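Visitor: My questions concern the predicted model and sequence given below.
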Amino acid sequence: MSTATASNSLRLLARNKTDGVSEGTIFKVDPNLIKFEKGFNLRDEGPELEEHIERLYQAYKAGDMVPAVDVTVDDKGVIVARDGHCRTKAAKRWHKEMPEFTIECRQFRGNDTDAVIHMLNSGTGGMKLTPLQEGRGYLRLLKMGLTVPQIAEKRHVSRVTIDNGITLAEAPAEVQKLIVDGKVSSTEARKAVKAGPEGVKALKDAAKALPEATATPAKNGSKAAKPVKKKKVTAKTLRGTAAERKPKKAKAAPDRVNIQALAPDEVSAVIKKVDVDTLLKLIRSKAPDDEGLMSFASNLEMALL
């Protein structure tokens, strides 16, 4: 192996203070030292996940480039995976055959909320997170104290995307299992959940009526049969059932009212046309840190008592 020189080593370029090159921090770690926090990873166990881990294992075995795993170190010195659970599992598998093998790690900096956001953002890579898995992450962030707008901003997606994910994460366990098993798409499941109990029942009935999936026999002397193609509930299957959410006719938007230009008695008349409870909830959910708006909401509530 040739000795590294300033022309072929990034480390040397950085140490020689070359403009535009800085030295990063990648650590070589025994994969068996990396622990998993129970329930932290958003992925579902199953054949698809196992295939993904197997591909990573083969990549390590072949000496291919695999991205570093992001980890934290707790106050007891325990190394905990924060992104790269599948890579770590594959590395542990290869380490059994190659004890001297180490995995590249980077130290993640941030709190628990940052770690979940990082996992969601990195989940758009290698094996993409499903809408249900993302929804579980959004729900976890809500419980940690973030609002829907804050999550949308950190994820660089629309609020509708966050709301749709949370709908799936809060769906009945039976509906979530149908999604994980590949018997229904996230879109159709979400429509059924939003349609209420009758919609969920229609979805479950449609899933029960699906024919059993069977492998296609091998042809032309081939030894291997084609993979089993799973049957799935479709929008066509649910047409006409309670699970099909029919779009409501859009109401004409009312003319915009300039409150400041109205007389006091006219302002009172406008307010009476508003669902005040909804208005108060909207203010409190959208601007929990705005003291001016929160004070306005409190005064409005007192005035209506």
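Guide: All right, it came through fine. Model, not experiment: these values are computed from the prediction.

Visitor: Quick one: residues contacting the nearest residue to residue 89 once chain neighbours are set aside.
Guide: Leaving aside its chain neighbours, residue 89 sits nearest to residue 53 (5.2 Å; criterion: Cβ to Cβ, 6 or more residues apart in numbering). C-beta: built from backbone N, CA, C; applies to glycine. By Cβ atoms under 8 Å, 6 or more residues apart in numbering, the residues touching residue 53 are 86, 89, 90, 93.

Visitor: among those residues, who's most crowded?
Guide: residue 90 (24 neighbours; other Cβ atoms under 10 Å).

Visitor: Run through who's touching the helix or strand hosting it.
Guide: Using DSSP states H and E, residue 90 sits in helix 85-97. With Cβ under 8 Å, 6+ apart as the contact definition, helix 85-97 has outside contacts at 30-32, 34, 36, 41, 43, 49, 52-54, 56-57, 59-61, 66-67, 69, 81, 101, 103, 126-127.

Visitor: pLDDT below threshold where in the stretch 51-200 of the chain?
Guide: 124-125 (pLDDT under 70).

Visitor: The strand or helix carrying the residue nearest to residue 89: what's the following helix or strand?
Guide: Here residue 53, judged by DSSP H and E, is contained in helix 47-62. Per DSSP H and E, the first helix or strand lying C-terminal to helix 47-62 is strand 69-73.

Visitor: Check the secondary structure at the residue nearest the centre of the chain for me.
Guide: Against the mean C-alpha coordinate of the chain, by Cα atoms, centre = their mean, the closest residue is residue 134 at 1.8 Å. Here residue 134 is recorded as helix under DSSP: H, G, I helix; E, B strand; the rest coil.

Visitor: contacting residues for it?
Guide: 42, 120, 123, 165.

Visitor: and the chain, what are its domains?
Guide: Under the assignment automatic domain parsing, the domains of the chain span 25-110, 130-203.

Visitor: what about stretch 175-184, start to end distance?
Guide: Distance between the two ends of stretch 175-184: 9 Å, counting by Cα to Cα, to the nearest Å.

Visitor: I meant to write stretch 95-112 there.
Guide: 29 Å.

Visitor: now swap in stretch 138-154 and tell me
Guide: End to end - Cα to Cα - stretch 138-154 spans 11 Å.

Visitor: Name the residues of that stretch that are buried.
Guide: Buried residues in stretch 138-154, counted by 16 or more other Cβ atoms under 10 Å: 138, 139, 140, 141, 142, 146, 147, 148, 150, 151, 152, 154.

Visitor: Those in strands, which ones?
Guide: Among those, DSSP state E puts none in strands.

Visitor: and the contacts of residue 134 as CSV, adding secondary structure?
Guide: Formatted as CSV, the contacts of residue 134 follow (three-state DSSP):
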residue, secondary structure
42, coil
120, helix
123, coil
165, helix
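
Visitor: Show me the two of those residues that sit farthest apart.
Guide: For these, with distances taken as Cβ to Cβ, the pair at the greatest spread is 123 and 165 (11.9 Å).

Visitor: who's in contact with residue 174?
Guide: 200, 204.

Visitor: Not counting sequence-adjacent ones, nearest residue to residue 171?
Guide: residue 193 (4.8 Å).

Visitor: Return the residues in contact with the one you found.
Guide: Contacts of residue 193 by Cβ under 8 Å, 6+ apart are 167, 168, 170, 171, 172, 175, 199, 200.

Visitor: Alright, that wraps it up for me.
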